[in-house]
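Enquirer: All I have is the shape, not the residue letters:
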């Protein structure tokens, strides 16, 4: 067992998840990273993080499957002894008219975005409740608050995550476990790679700060919510969207 605090960051092979894992590893945490299918990127991230600390565990699997999620949590506990912080970041988007979607399309979005959060939270709580402490940070979206045209099911999953965050925070506060969410605006990641250059500029004009956010900015907010500086903050869905909503 390694003595440092341990963080489990889901969906951490790239983008926001990778930035979160990198910052926590730089801060001396044991870090467990995991992805569903981006194996090459996961291996590259693992190599980069070991430059900060050798205490990195890389896992692969579908966290919407409770059995796979349970196996992953067990491996983290076996290696590091505990999980102090869970960052539920794994998620996918689907851009298109809802009436053109097929059942398998929305099932994929719901499984990846919502079931992974519920599964990991349920499993990690079995350990956190024993310790009577812990932190959970859910990566959500501003569309979970307002809804987005052509992203109806994605928005629905993020709205569910926001409600889940607030409910769990009330339930777990007596056990000294804090639960918060970050409602991200447009962040400069591969998730937005489908946009043309013109579409990106048009979108930037709608953001009061005039730019996209960076994964590193979200990572710093996650670290703040996971540390004692935010010890009286729980049940919050914090917008990080450049003033867009």
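Expert: Done, it's in. Quick caveat, the model's predicted, so the values are computed rather than measured. Numbers count the residues shown, from 1 in each chain.
Enquirer: Strands of this protein, residue ranges please.
Expert: 6-10, 30-35, 56-60, 85-88, 134-141, 177-184, 237-240 (DSSP state E).
Enquirer: Show me the one of those that comes nearest residue 77.
Expert: For the strands of the chain, proximity to residue 77 was assessed by C-beta to C-beta; strand 6-10 is nearest, at 8.8 Å. Placement of C-beta: from N, CA and C, glycine included.
Enquirer: picking that back up, next, format the strands of the chain as CSV and append mean neighbour count, distance to residue 219 and mean pLDDT.
Expert: Shown next, in CSV, are the strands of the chain (neighbours: other C-beta atoms under 10 Å; distance: least, C-beta to C-beta, whole Å; pLDDT from 0 to 100):
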stretch, mean neighbour count, distance to residue 219, mean pLDDT
strand 6-10, 28, 10, 98
strand 30-35, 28, 12, 97
strand 56-60, 19, 16, 97
strand 85-88, 28, 9, 98
strand 134-141, 27, 10, 98
strand 177-184, 25, 10, 98
strand 237-240, 19, 11, 98
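Enquirer: Reformat those strands as CSV; add distance to residue 74.
Expert: CSV is the format used below for the strands of the chain (distance: least, C-beta to C-beta, whole Å):
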stretch, distance to residue 74
strand 6-10, 12
strand 30-35, 11
strand 56-60, 11
strand 85-88, 14
strand 134-141, 17
strand 177-184, 20
strand 237-240, 30
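Enquirer: Which one of the ones you listed lies nearest to residue 16?
Expert: That would be, of those and by C-beta to C-beta, strand 134-141, which comes in at 6.2 Å.
Enquirer: picking that back up, residue 159: which of the strands of the chain is closest?
Expert: strand 134-141 (8.4 Å).
Enquirer: just checking, what packs against that closest one?
Expert: strand 85-88, helix 116-131, helix 152-172, strand 177-184, helix 215-226 (3 or more C-beta pairs under 8 Å, 6 or more residues apart in numbering; DSSP states H and E).
Enquirer: Not counting its own residues, what contacts the third one?
Expert: Contacts with helix 152-172, where a contact means C-beta atoms under 8 Å, 6 or more residues apart in numbering, come from 88, 91, 93-94, 98, 101, 105-106, 109-110, 113-114, 117-118, 121, 125, 136, 138, 140-141, 143-148, 178-181, 183, 234-237.
Enquirer: still on that earlier bit, just name the most buried of the helices and strands packed on strand 134-141.
Expert: Of all the helices and strands packed on strand 134-141, strand 85-88 has the most neighbours on average by mean count of other C-beta atoms under 10 Å, namely a mean of 28.
Enquirer: Point out the other helices and strands that that strand packs with.
Expert: Checking 3+ C-beta pairs under 8 Å, 6+ apart, strand 85-88 ends up next to strand 6-10, helix 15-26, helix 116-131, strand 134-141, helix 215-226.
Enquirer: got JSON lines for those, with distance to residue 77 too?
Expert: Below are the helices and strands packed on strand 85-88 laid out as JSON lines (distance: least, C-beta to C-beta, whole Å):
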{"stretch": "strand 6-10", "distance to residue 77": "9"}
{"stretch": "helix 15-26", "distance to residue 77": "17"}
{"stretch": "helix 116-131", "distance to residue 77": "6"}
{"stretch": "strand 134-141", "distance to residue 77": "13"}
{"stretch": "helix 215-226", "distance to residue 77": "18"}
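Enquirer: average pLDDT for stretch 148-155?
Expert: Averaging pLDDT along stretch 148-155 gives 96.
Enquirer: Relative to residue 178, how far out is the residue nearest to residue 66 when sequence neighbours are not counted?
Expert: Spatial nearest neighbour of residue 66, excluding adjacent residues (C-beta to C-beta, 6 or more residues apart in numbering): residue 119 at 5.0 Å. Using C-beta to C-beta, to the nearest Å, one gets 20 Å for the distance from residue 119 to residue 178.
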